[in-house]
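Enquirer: 3D model of this:
(chains A and B)
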Amino acid sequence: MEELEKLKKELKDLNAEYAKIKDVPAEKRGEFGRELNAKKMAILDKISKVEEVLMDTEVEAIDITAPCGVNEKMPDVYSVFDGSLHPLTSELNRVSEIYRAMGFDVVESRQLDDEYHMFDSLNFAKEHPARDGYDTFRTEEGFIPPAHTSTMQNRVLKMYRNKLLQGEDIAVVVPGRVYRNEDVDATHEHTFYQCEGVYVSKDCTMGNMLGILREFFETYYGQNLNIRTQPGYFPFTEPSLEFLIEKPKSLGGKKGDFLEMLGCGMIHPNVLKMAGIDPEVYHGFAWGGGIDRLVMLRYGLMDVRNFESGNLNFLKEF
Amino acid sequence: MKISLNWLKKFVDIKIPDDELVRLIGARLVEVEGVIDETHKYDKIYVVRVVKAEKIPDTHLTLCQIDCGADELVQVVCGAPNVREGMLAAWIAPGAIVPASVNEDAPFVIGKRKMLGKYDSNGMLAGADELDFGDDHSGIVEIDPNMAKPGDLLANVFELNDLILEIENKSLTHRPDCFGMIGFAREVAGILGIAYDNESFKQGKKYASANKALSNVATKSVIKILDDGICDRYSAILMEKHGEFKKKYLTFIDTILAKSGMRPVEPIVDITNYLMLLTGQPLHAFDYDKFVAVSGSSDLEINVRLAKKGEKLMLLDDREVDLNENDIVICSGDVPVALAGAMGGKSTEVDENTRKIIIESATFSLYNLRKTQMEHGIFSEAITRFTKGQPAYQTLDVAEDCAEMLSSGFKVIDAWDNYKNPSKEVTVVLSGDEINSLLGTNYSDSMIKKTLENVNFKVEVKNGNFKVTSPAWRTDIHIKEDIIEEVGRLNGYDNIIPVLPKHQTVGVNQMLVLKNTLRKNLSKFGANELLTYSFVSGKLLEKAGLDVNNSYKIVNSISPELQYIRQSIVPSLLDKAYVNQKIPFDKFALFEINKVYQKEWGMDNENVPVEKMHLGFVLAERKGEGVAYYKAKFFVEKLLKEYNIVARFLPLKSDIAEAKPYEPKRAAEIWAEDKLVGVVGEFKNSVRRNFKLAELLAGFELDVEMVLALKTDKKIKNNFEVKDKQDVTITTSEPYAKVYEEVAVKYPDAVITPVSIYQAENSSTKNITLHLEFH
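Expert: Alright, predicted model coming up:
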């Protein structure tokens, strides 16, 4: 308290100083004013800090072990009708559940990773221009908030490679949050969700990959779909392709209205090698695609920015 | 990249409809982002002869009578200085749209009008800019009488009724050869199952063999490549002017450049650009005399090296750049005159006085050029191609093509070729089984052979084994899988039959299950699940009383709002509580389960930052009553009870980041067994003020991995029949927990529920009433 009074008096005195400006020679008035202003800012800053401390010390302590306040009624949770679940997390769960029913384990992706997992272990040559395509963020230490869930490929291959020795296949999906340094608009977010899939066995084929993907999308949208592929390029798959589905009629699609859903391909032998799996004996395929778009399509949403807006008007719709 | 279908069709005999072609290109070669329909862009634009041209006195205008192929002449007023009797021009007839304006909101329709109040003018004679062939507005275009006659549609003469494909460059990052029409067309032939006739496109061959100076190029050189790994090959041809090299007529090349998204500018540059679009190989022209003069010596010395720190270079666009040790420079002697692959220098620019030119055709390290591109912000068609890694095999061929195309104005004096690092032939051996077993196909040996040979691979087959040698331009071929990709792609992945692999057993991810039930429980309790950004502002951290230095900082963040990786969830929820209180919602609870990172947690065993899964929760009421702390505590206790976790609430003492926003007198640490599970409480007044939130505000943050470790499935009490019950009231000044403990010890079999805490006015003690049930 005393300190606050003292500071307030200082401020008052300083304000009085301003009156002296008329006695200062014209050419020095600027400097005089600036000095006073700087002093004033410093005092105001101190006052605000002291006030903050005071504000936090004037607080009354309570019995933190009690279930309620003295003479107050017992608290309760809110009405079930007020509650809501985020559509993206719900759909991520649904996606994982569909893959689980198809025989896939689920591992969540990291949200801060390193250059090795994001690029090196995925057969990106050092300094290769393909790295630019991912518009990655970086921390001061060089860590990367991953730009794709493929950042987990090397980990899950290592985590599950013992399954191969036991005669089983590796079948894992990796949902997770990814980040790209991108301008945000109705269809672009710097923060979004992807789901990665990895499958390795002795005898799997590209036909198996297309079979799994078609099965997934047909289950997800609950109807038969026309699928299509087009060539793509990813350093970590060879061959690489893009997977498209014809937009379902029930969701306003027209014939020939194909949507790119994900990138996929046969895992590059170098990627298997780096995870300690012999590419002469085993091969596999992998895919990765955005979840946000899937959900937007399913619910007919127009603006991806709503997902991270925290706006209850939007979230309570679900 | 833009691809004209009309131009493409000059290289491949295409017999299928355009829409099917576009679909196949998309399905088997590259992502087609869009198709620009130019089939009506040049409607009602005719080739005409200017029959009479009379100057209108005291104006810059000319009154013209033109022959447009009809019986009668048409009168047009023209403002161009180059209009003259006898010339062939392009006439935009009344009712036609000016091609340069077709993409504008209101395309400009040409009509009939009266000029100067008395001269009827019908339509207009067009300049290159109006026809969308560049920016030249100096006069009207003139058409070669050998190409057309009056009345011809301009679109027919120059094949302008076209579809232009917009190609997503990223999907061709590994295919430098496809950045030229010859290479692109080869792939189109391949996907249509047609053998590509590669030999027929080596245009300059005859010219080269007839030219003395070009017959023994490799044996001598003035070119030195001074650093390793920066330039595989550098070819150059010296030419001298022997006549006027001026463009008179609108050319096919002009239309190709325009359709490919480039602008015709100047004849020599146009030819080098055209060859780049054709072959993928960028070219550059230097003024020879200036080049030699710069070095201070009288001899030509072309040196390719890395730049030295402190060197500067004035570029063609009048920008002086500070070179760094990654930039590759072309030097005359030791003086840099061009930023290799990126842009030429001002000091050797070709101008109207140029007598001799050096045509440069070279390849440079894509890694260096990629950095140069970023460092100096140069994004040209040429550097786009160089950064894909142009192959070295064709540099001299393309330079020779260029020499031939310039031959009407320049003759070859000398040529040099430094092929420092000759490309090696790549041969891959694999079996048909390997191909079919990876793709899930059943392609025959002969089909595989033909597929690869169509795009100029050399293929030998013996007993189902293939020896495949890739052509010089296929720098992307190294391993078996690269060949398998070619076979699968060129025949269409769509022809592979989707088959499900057999089912197998799966494990359960306990964390996912837990997270899911936490979400469902909290929403059942009336709370709303949020997802908020992992990136927060330094200001947000400070507002919540957190130390920014404990957050990983993004060096290339989109904005200061997204500069730090969050350490905990609650600050983000406080931020969103403000948003919702403003809407206004008077009473709500927000929660989010997500990953957080703190620097003080250090690294995990993979040497990446330790990550934790946190559950953050904030409740905010504007008109509510009661102590916010107890409300939040009730939520968290009830939640943990779902997992049979009995929590103890101890004074807030630890210095963890999650605890920072809380008011120690009205907050608690949540302990279960010997583990700190989280914190719960009201926030410091300063924090609440910083977030501009109403008074009734509290929250908690849990370490979800702790919840996972502590949770048990067994029910503590599963007998619903109540055998006996009783209320006890104890008068005390002790904290509640102590009273509860004493009762619990005394009645070990009882389920204890609090009923009320009463304190009379002026009393120093309170009455705690507990309800006991015995099962």
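
Enquirer: I'd guessed B:Ala472 sits against B:Asp397; true?
Expert: No: under the criterion of CB atoms under 8 Å, B:Ala472 makes no contact with B:Asp397, lying 10.6 Å away. Yep, even glycine has a C-beta here, placed from its N, CA and C like the rest.

Enquirer: all helices for chain A, in order.
Expert: Listed in chain order, the helices of chain A (DSSP state H) span residues A:2-17, A:26-57, A:87-101, A:115-118, A:153-165, A:206-221, A:269-274, A:292-299, A:312-315.

Enquirer: closest to chain B out of those helices?
Expert: The closest approach between chain B and any of the helices of chain A, judged by CB to the nearest CB, belongs to helix A:206-221 at 2.6 Å.

Enquirer: which residues sit against that closest one?
Expert: Outside of helix A:206-221, the residues that reach it under the criterion CB atoms under 8 Å, 6 or more residues apart in numbering or on different chains are A:94-95, A:98-99, A:101-102, A:197, A:199, A:224-225, A:227, A:229, A:239, A:243, A:245, A:248, A:250-251, A:261-262, A:264, A:266, A:285, A:287, A:294, A:298, B:438-441, B:488, B:493, B:496-501.

Enquirer: Return the members of the residues you listed classed as buried.
Expert: A:94-95, A:98-99, A:102, A:197, A:199, A:225, A:227, A:229, A:239, A:243, A:245, A:248, A:261-262, A:264, A:266, A:285, A:287, A:294, A:298, B:438-441, B:488, B:493, B:496, B:498-499, B:501 (16 or more other CB atoms under 10 Å in any protein chain shown).

Enquirer: Take those residues and keep only those in strands.
Expert: Of the positions in those, A:197, A:199, A:227, A:229, A:239, A:243, A:245, A:261-262, A:264, A:266, A:285, A:287 sit in strands, assigned by DSSP state E.

Enquirer: Now the two most distant members of those.
Expert: Between all members of these, the longest pairwise span (CB to CB) is found for A:Ile245 and A:Met266 and amounts to 20.5 Å.

Enquirer: domains for chain A, by residue range?
Expert: Using automatic domain parsing, the domains assigned to chain A come out as A:2-57, A:88-315.

Enquirer: Would you work out how far apart the start and end of the longest one are?
Expert: In other words, domain A:88-315. Start and end residues of domain A:88-315 are separated by 10 Å (CA to CA, to the nearest Å).

Enquirer: do stretch A:104-116 as well
Expert: Start to finish, the residues bounding stretch A:104-116 are 25 Å apart (CA to CA).

Enquirer: what residues does the stretch 151-300 of chain B put near chain A?
Expert: Proximity of the stretch 151-300 of chain B to chain A, by CB under 8 Å from any CB of the partner chain, involves residues B:Lys170, B:Ser171, B:Leu172, B:Thr173, B:His174, B:Arg175.

Enquirer: Buried subset of those as a PyMOL selection?
Expert: Here is the PyMOL command that selects only those of these that count as buried (16+ other CB under 10 Å):
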select buried, chain B and resi 171+172+173+174+175
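
Enquirer: where does chain A dip in pLDDT?
Expert: Across chain A, residues meeting the criterion (pLDDT under 70) sit at A:1.

Enquirer: now the most centrally placed residue in it, which residues is it bridged with?
Expert: With the centre of chain A defined as its mean C-alpha position, the nearest residue by CA atoms, centre = their mean is A:Arg177, 3.3 Å away. On the basis of DSSP bridges, A:Arg177 is bridged to A:Tyr193.

Enquirer: As a check, name the ranges of all helices in the stretch 151-300 of chain B.
Expert: Taking DSSP state H, counting those that start in this stretch as the criterion, the stretch 151-300 of chain B carries its helices at B:154-157, B:181-191, B:205-210, B:252-259, B:267-279, B:288-295.

Enquirer: excluding its backbone neighbours, what's nearest A:Met152?
Expert: If the residues on either side of it in the chain are set aside, A:Met152 comes closest to A:Val174, at 4.5 Å by CB to CB, 6 or more residues apart in numbering or on different chains.

Enquirer: That neighbour against A:Met159, yeah?
Expert: No: contact status for A:Val174 versus A:Met159: not in contact, 10.6 Å apart, counting by CB under 8 Å.
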